[in-house]
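**Q** Here's my sequence, what's the structure:
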Amino acid sequence: MKNVVKVGIIGGGLMGREAASAFARWFVLEGLPVRVELTAVCDLQDKLLEWFRQVPTVSLLTKDHRELLASPEVDVVYVAVPHNLHES
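**A** Okay, here's the model as predicted:
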């Protein structure tokens, strides 16, 4: 049985969805005996949280990043920073 790495994402959208896939690919390429599961998502937008509600492994959906960081359901946190964050 493979170990499970539980991933939490702060910031959803396309970057967040791609992050879960990227983590899974990285572990496979490294040959590590683990399975990656997206278990928690933090985002301020209800629409994005609703999208992640469709993912069966997600057990925590929150608008408070502190709740995600404190959750025992998360081993690794990915922060999805928007590409235009530097723009004013």
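**Q** Closest to the centroid, which residue in this structure?
**A** Ile9 (2.9 Å; C-alpha atoms, centre = their mean).
**Q** In this protein, mark out all the strands, start to finish.
**A** 3-10, 34-42, 60-62, 76-79 (DSSP state E).
**Q** need those strands in JSON lines with mean pLDDT, can you?
**A** Converted to JSON lines, the strands of the chain look like this (pLDDT from 0 to 100):
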{"stretch": "strand 3-10", "mean pLDDT": "86"}
{"stretch": "strand 34-42", "mean pLDDT": "86"}
{"stretch": "strand 60-62", "mean pLDDT": "94"}
{"stretch": "strand 76-79", "mean pLDDT": "83"}
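**Q** Quick one: closest of those strands to Phe52.
**A** strand 34-42 (4.4 Å; C-beta to C-beta). In this view, the C-beta of every residue, glycine as well, is placed from N, C-alpha and C.
**Q** can you give me how far that closest one is from the chain middle?
**A** 6 Å (C-alpha atoms, centre = their mean, to the nearest Å).
**Q** let's have the chain start at 4 instead
**A** New numbering, starting at 4: the last item is strand 37-45.
**Q** List the buried residues for it?
**A** Val39, Glu40, Leu41, Thr42, Ala43, Val44, Cys45 (16 or more other C-beta atoms under 10 Å).
**Q** I figured the first one hits Gly11, correct?
**A** Pointing back at Val39 there. No: if you go by C-beta atoms under 8 Å, Val39 and Gly11 don't touch, sitting 11.7 Å apart.
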